[in-house]
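J.: Sharing a model prediction with you, sequence too.
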Amino acid sequence: MTANSPPSTMLLRTAGGCDLQPARLLDAVADQRRLLLDDLRGFGPQEWSASTRCPGWSVHDTVRHMSDVTRAIAADPGDRTLDMSAGFDPRITPNRWLAASAGEPPAATVDRLAATTDEVLAVARGRLARDERFDVALPFGPMDWTVLVLHVLWDSWLHERDIFLALGVNRPTSYAEPTSYAEPTSYAEPTSTAEPTSYATAYGLLIAAAVARRFGDRVSHRLALGGTGGGIFELDTDDAVTLTVTSTPAAGPPAAEVTDALAGRGSAAVLDAVPGGARTALTHLATFFTTPVEETAV
């Protein structure tokens with residue numbers, strides 16, 4: 001593995017230990033956030049007020065949300081912020097969080113995001129140095145706190161694309177992918193491009209498979225994904241959800257577009273390469289995200 005390539009292998013599972021190279025994951029979060037902050041500091045009023053792929057959210061709303069979610073990286077043992085059995089609903093709860101920063105100027109939002117990122121990464125790196133291991137609640141159950149970092153990266157990666165694809169801006173998380181899936185692509189892109197996409201794709205598949213399993217659907221499938229962050233992704237949901245990732249040039253639909261589709265963004269047609277039963281199972285998450293829900297008063 002070179003300095004500019006994603007992790008060569010990754011193991012994620014909902015029961016038992018994961019191997020996601022957490023120190024490298026934190027570096028990927030830092031790289032992604034640095035690029036984002038550089039771009040945001042160049043935004044003007046037109047960009048901040050523009051719509052995104054998130055219904056009802058402007059660019060400013062989306063960045064405020066990213067700052068809210070980033071704090072989760074420093075969650076304490078047993079944290080239940082993202083526990084659906086404790087009331088968390090990704091279609092409703094984030095809107096409630098935004099109330100705390102209503103009226104915040106964009107420049108203050110950028111400063112808050114930068115400060116929050118520095119703060120939580122310092123906490124996380126300290127925990128790694130002390131080899132602290134504890135569980136926190138994720139939407140699909142309790143997991144080691146390092147998987148929560150992965151959740152935050154996936155969330156941030158998606159929302160960056162929600163912003164920049166809507167603005168028509170070409171940047172590392174949204175490089176144009178080849179229209180043909182016939183030839184594997186190499187990992188010549190900088191670390192800040194390939195690595196967050198590889199992590200986001202892995203987590204997107206893990207959470208989609210976990211939701212499928214809750215619906216009683218079994219997924220045992222080997223996906224070859226191309227483009228930035230692509231590779232071989234092997235899923236199995238027999239006893240628990242297990243995902244093995246091998247980062248290698250592969251011919252297949254672009255990893256970024258597949259990750260979008262799993263979360264209810266972009267075109268679901270990119271999943272046509274997945275066999276029918278597995279495809280149906282993996283789309284439960286997208287259906288959940290795109291199903292309107294009426295928020296009750298609190």
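T.: Yes, it's here.
J.: make it CA atoms for all contacts and neighbour counts henceforth
T.: Noted.
J.: shouldn't H284 be in contact with I207?
T.: No: between H284 and I207 there is no contact under C-alpha atoms under 8 Å: 10.3 Å.
J.: Which parts of this protein are helices?
T.: Applying DSSP state H to the chain gives helices spanning 22-40, 45-49, 59-70, 93-98, 106-129, 145-167, 191-214, 255-262, 276-282, 284-290.
J.: per-residue confidence at G16?
T.: If you check G16, the pLDDT there is 85.
J.: I misspoke; the intended subject was D83.
T.: If you check D83, the pLDDT there is 89.
J.: Can you report how many residues neighbour D68?
T.: D68 is flanked by 18 other residues according to other C-alpha atoms under 10 Å.
J.: Leaving aside the residues adjacent along the chain, what's closest to it?
T.: Setting aside the residues directly before and after it, D68 is nearest to W97 in space (C-alpha to C-alpha, 6 or more residues apart in numbering), at 7.1 Å.
J.: again with A278
T.: For A278, ignoring the flanking residues on the chain, the nearest one in space by C-alpha to C-alpha, 6+ apart is V219 at 5.5 Å.
J.: And for A209?
T.: L282 is the one closest to A209 (C-alpha to C-alpha, 6+ apart), at 5.9 Å.
J.: got the contact list for the one you found?
T.: Shown in contact with L282 (C-alpha atoms under 8 Å, 6 or more residues apart in numbering): L205, A208, A209, V211, A212, L262.
J.: What about the residues you listed, which one has the most neighbours?
T.: Ranked by neighbours (other C-alpha under 10 Å), the contacts of L282 are led by A209, which has 30 neighbours.
J.: Model confidence at that residue, what's the number?
T.: Value listed for A209 in the pLDDT field: 93.
J.: number of nearby residues for V123?
T.: V123, neighbours per other C-alpha under 10 Å, totals 14.
J.: A74 is in contact with that one, correct?
T.: Yes: using C-alpha under 8 Å, V123 is in contact with A74, at 6.1 Å.
J.: need the contact list for the residue nearest to R279 when sequence neighbours are not counted.
T.: Counting by C-alpha to C-alpha, 6+ apart, the nearest residue to R279 once its immediate chain neighbours are dropped is L271, at 6.6 Å. If you count contacts by C-alpha under 8 Å, 6+ apart, L271 has them with P253, V258, A261, R279.
J.: how close does I232 sit to V211?
T.: Distance from I232 to V211, counting by C-alpha to C-alpha, to the nearest Å: 21 Å.
J.: nope, L150 is what I meant
T.: 17 Å.
J.: what's the answer for D83, then?
T.: Separation of D83 from V211 (C-alpha to C-alpha) stands at 14 Å.
J.: Check Q21 too.
T.: Using C-alpha to C-alpha, Q21 is found at 24 Å from V211.
J.: Please apply the same query to G87.
T.: Using C-alpha to C-alpha, G87 is found at 17 Å from V211.
J.: same deal with A137?
T.: Using C-alpha to C-alpha, A137 is found at 15 Å from V211.
J.: next one: A278
T.: Counting by C-alpha to C-alpha, the gap between A278 and V211 amounts to 12 Å.
J.: what's the burial count for L150?
T.: With other C-alpha under 10 Å as criterion, L150 counts 24.
J.: what do you get for T9?
T.: Around T9 there are 17 residues (other C-alpha under 10 Å).
J.: got it, and V149?
T.: Close neighbours of V149, defined as other C-alpha under 10 Å, add up to 24.
J.: ok, now which ones touch the closest residue to it other than its chain neighbours?
T.: For V149, ignoring the flanking residues on the chain, the nearest one in space by C-alpha to C-alpha, 6+ apart is I73 at 5.3 Å. Under the criterion of C-alpha under 8 Å, 6+ apart, the contact partners of I73 comprise V120, L121, A124, W145, L148, V149, V152.
J.: Can you give me the distance of P55 to S156?
T.: Counting by C-alpha to C-alpha - P55 and S156 are separated by 17 Å.
J.: now do R125
T.: On the measure of C-alpha to C-alpha, R125 and S156 end up 19 Å apart.
J.: neighbour-wise, which of the two wins?
T.: Using other C-alpha under 10 Å as the criterion, R125 and S156 rank with S156 on top: 25 against 15.
J.: Contact partners for the residue lying closest to the more buried one once chain neighbours are set aside?
T.: Leaving aside its chain neighbours, S156 sits nearest to M66 (6.2 Å; criterion: C-alpha to C-alpha, 6+ apart). Residues near M66 by C-alpha under 8 Å, 6+ apart: L113, D155, S156, H159.
J.: how much space between M66 and T14?
T.: From M66 across to T14, the span is 25 Å (C-alpha to C-alpha).
J.: Give me the pLDDT value at F43.
T.: For F43, pLDDT reads 96.
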